[in-house]
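Asks: when you get a sec, could you give me coordinates for this:
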Amino acid sequence: MRIIVSLLFTVQLLAAHGQNNKSAVDTSVKAETTAVDSGRVTKSAGTQYAASGWKRMWWGDHYRKEWVTPVSFPVLHISTAYGGLKPLKAGGGHETKTLRLISSDGKEYVLRTVDKSADVLVPDYLKGTAVNDLVNDQVSTANPYSPLAIPRLADALHLMHANPQIYFVAEDPSFGEFGSVFANRLCMLEERPSGKGWEHSDAFGNADDIVNTDDLLEKVFASSKNKVDQQAFLKVRLFDMVINDWDRHEDQWVWALREGDKENVYVPIGRDRDEAFTKTDGIALWVLCRPWGLRPLKNFTPTVKDVKGINFSGRNLDRQFLNEVPKEQWTSTINAIQTGLSDQALENGVKAMPPEANQFSGETIVKRLKQRRDNLSHFGMKYYSALAKRVTINGSAKDESFIIDVTGKNEVSITGFRRSSQDTFYHRLFHKTETKQINIYGLAGEDQFIVRGNERNPFTIRVIGGDGKNEYKAEEGKISGKKVKVYDSLLTDKIARQTFKEKRWDTLYHYRRNSVKYDWYIPLIIPGYNADDGFSIGLGILYRKQTWGKRPYGWTQQFVVNYATATQAVGFEYAGLFKQAFGKLDFDLNAFFKGPRYTFRFYGLGNETDLNNHNRSFFKVKANDFYVSPGISRTWDKTYFRLGLQYEAVEVLEDPTKFINTTPPPNIDSSIFSVQHFIGVNGKWNFFTAKDLRYPTSGFHLTAGFSYLNNVDQSTDQLKLHGSVGFYYTFFNRLTFAHRTGGEANFGKYYFYHAATIGMEQTLRGFWKSRFTGENSIYQNTEHRLRVAKLRGYYLRGKLGIFGFLDDGRVWVDGEQSSTLHVGYGGGIYYAPYNLVSLNLFYAASKETSMVTLRAGFFF
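Replies: Sure, this is the predicted structure:
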């Protein structure tokens, strides 16, 4: 949710421009004006979705004309419909208000408002803002009448479905307390299959019972005798992709039971088809709907490029209830859909929507449906490949046997039996070219896991026994290749070590059905400015890889290339983090290169260095710097620890016009102008208790670290210790007192670029960056932050405040006698828009200089 809001915030001003300009669509008939003729009402579904050309360019045409155009609807009187409908219970999902009704013959129906509100998706601090209205405006991505087309399309494929109809709902005493919400509005009325009265009904296949997804899962996990008709589920999920219905979360399904002697089969019934034919055009929405943003939202294009994205909402059910269907069945199902959804069937389905709306998009919808039907062979099988790569199989609370048969060099078959009856409840043949990992969960009961075969096993197979005493056997030969990994906290018996490999990991013994996550990436654009480098730009990518059993991800890697305009310096940065690489320890790798023309400033060693009326450019140092540090780390709730190795190569470039050449300090020799190679170790420990790092108001932090470096070229050693301690405390819920004290200490021979420094951007405001350099340093920062107001405007929302600070610090070098404490002071204003980030504008001064700085985030 935070990703959605932050992305919307970055472009909200674009949406606000022309917010109330509705000239783009004819709105001469307002939604509040209704025309009644012979029991019908002519009404718009929602005139609020009209928009100017500017707004439509950024936020899309969508189905705005369909929402705004008046349409003729029949009138519904609930006291007479279906022999009289009585309200039972109000409810609703993310966007729609619903009312459960029961008819005189005991059948349940559901009444849903056509217009929607996305307020429930918006955090409290954004409600009533431009962002709130922008989110609601995107309801227009959905065609208000798309659910009316689905029954005819589903009938063409013999899929079970509800039969929605849209009515203008008249006032009726039968509504009681619910009249204010549903009366005098456009609503959709349809059967509620999982409610009372629909069992043994022809409308839903004469099902013995109809249950919701929660009840289905409870039954499936209780006994493997309860199964989902995976062939039927596959057909409806492929149908979802054809019609671009991305919103197929678990509450969008009910399941019709067909009882049998050996097993009970549940057949899916899709419901709530509000998102069919979704359009996400517009420049801003195109950007937001990239894989790194609102990935599930896909435009109604001729094909589907991101099959994982469009199926994101249904990923957990897909992994569980499409795990047995082989490739051949996917192909035959796709062929059946392409045959069933003939041109005539598609045209007939779209005609079920009002002609007043179809005049704008009917032909385009038919065209898109034909294109997606024809392209289903490609993107449908692409989704098969995505699911087949990693397959999860689960047993139940009963006793079951799983046979893992390594039948060939590139194949393995998995068969599940009920131990009580020896009936098969699962079987599939896996191929190496399609599948890499197979995870089998016994869940509970006393289960058997039997491995057979004499061939080489190329698959990663994991067996997670779950609760109960389980048995692991190797029969009929000896497999080679990869061993079957066993995770069982209750394992006490010996297992065949040639076949099985026992794995101990306390967080991996149980089945997490909702743990499906996909790899993720985001491009990085990092602008910056400082007095040394001028304006800079960083371009890169952050990629996050999911790995089984590792949370929240397997690894993440970031690569950025930087360019500074003032120095024309080019550099790169790399950061990789590999979770639980060594038991519970993470492995990380950090590296950077700065150069050529990488520039920093060095003003000399000591606490009393003077600028001597020189321009700051006189103190520039050009260098090439390469650094790499592999390490192990671990993060707890409030603590971070790292221990690593380090290699660094530094070359300072000679420049006879600069301080480093013309007036070098006495303890700096010419060796700095040749490449110096350093190897060593480093470590770091952080402890932080503040709850909100963007706007800390209470808490404590402590950091400590060290680095030991050996200069390979000079055979010298350096040990550096560094640390800081700080706290935050708030008085009267407005005034925050923040303090930090820190320092560094060096031992052995050190080069000036490894020395202790104080200055702007690091430790001491009011002075230039790295203004003072020495062997040891100490500094303190004291700051008072006063929240002046909580802005609650339409455009401006967040915290506004002022702050003042006093910093001081100094450095030491051998042979210098100095008692000077360098003092910087100043103040400024801060604004935390929408509580996303704190923007700080402040003035800092000292006896040496003064400056104005704008930065994101507090100084500490």
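
Asks: pull the residues that contact the helix or strand containing residue 318.
Replies: Assessed by DSSP states H and E, residue 318 sits inside helix 315-321. Residues outside helix 315-321 that contact it (Cβ atoms under 8 Å, 6 or more residues apart in numbering): 213, 228, 230, 233, 237, 248, 250, 253, 308, 311, 387, 392, 394, 513-514, 516, 518. In short, each C-beta sits where N, CA and C put it, glycine included.

Asks: same check, this time on stretch 649-660
Replies: Stretch 649-660 is contacted from outside by 595, 602-604, 614, 618-626, 661-662, 668, 672-678, 751, 753, using Cβ under 8 Å, 6+ apart.

Asks: max-length helix in the protein?
Replies: When the chain is parsed with DSSP state H, its longest helix is helix 355-389.

Asks: for that one, name the packing helices and strands.
Replies: helix 64-68, strand 71-76, helix 230-242, helix 307-310, helix 327-340, helix 343-350 (3 or more Cβ pairs under 8 Å, 6 or more residues apart in numbering; DSSP states H and E).

Asks: one step back: now a ChimeraX select for only the buried ones of the contacts of helix 315-321.
Replies: ChimeraX command restricting the contacts of helix 315-321 to the buried ones, with burial defined by 16 or more other Cβ atoms under 10 Å:
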select :213,228,230,233,237,248,253,308,311,387,392,394,516
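
Asks: pick the most deeply packed of the helices and strands packed on helix 355-389.
Replies: Using mean count of other Cβ atoms under 10 Å, the stretch among the helices and strands packed on helix 355-389 with the largest mean neighbour count is helix 64-68, at a mean of 25.

Asks: could you report the separation of residue 850 from residue 757?
Replies: Here residue 850 is placed at a distance of 20 Å from residue 757 (Cβ to Cβ, to the nearest Å).

Asks: quick one on the thing from earlier: buried ones from the contacts of stretch 649-660, can you make that a ChimeraX selection?
Replies: Here is the ChimeraX command that selects only those of these that count as buried (16+ other Cβ under 10 Å):
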select :595,602,603,604,618,619,620,621,622,623,624,625,626,672,676,678,751,753
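
Asks: before we move on, the earlier item: adding distance to residue 715 and mean pLDDT, write the helices and strands packed on helix 355-389 out as CSV.
Replies: Converted to CSV, the helices and strands packed on helix 355-389 look like this (distance: least, Cβ to Cβ, whole Å; pLDDT from 0 to 100):
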stretch, distance to residue 715, mean pLDDT
helix 64-68, 74, 98
strand 71-76, 86, 96
helix 230-242, 66, 98
helix 307-310, 55, 97
helix 327-340, 64, 98
helix 343-350, 80, 98
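
Asks: possible to save the ones you listed as TSV with distance to residue 169?
Replies: Converted to TSV, these look like this (distance: least, Cβ to Cβ, whole Å):
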stretch	distance to residue 169
helix 64-68	18
strand 71-76	5
helix 230-242	29
helix 307-310	33
helix 327-340	34
helix 343-350	25
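
Asks: just the element for residue 785, please.
Replies: strand 776-792.

Asks: now that strand - C-alpha only, CSV.
Replies: C-alpha atoms of strand 776-792 as CSV (Å, rounded to 0.1, in the frame of the first residue of the first chain):
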residue,chain,number,x,y,z
ASN,A,776,41.1,11.7,16.2
SER,A,777,37.9,13.6,16.3
ILE,A,778,34.9,14.3,18.4
TYR,A,779,31.6,16.1,17.7
GLN,A,780,28.2,16.7,19.1
ASN,A,781,24.9,17.8,17.5
THR,A,782,22.0,19.2,19.5
GLU,A,783,18.8,20.1,17.9
HIS,A,784,15.3,21.3,19.0
ARG,A,785,12.5,20.5,16.6
LEU,A,786,9.1,22.2,17.2
ARG,A,787,6.1,21.0,15.3
VAL,A,788,4.1,24.1,14.5
ALA,A,789,1.2,22.6,12.6
LYS,A,790,-0.4,19.5,11.2
LEU,A,791,-1.5,20.6,7.8
ARG,A,792,-4.8,19.1,6.7
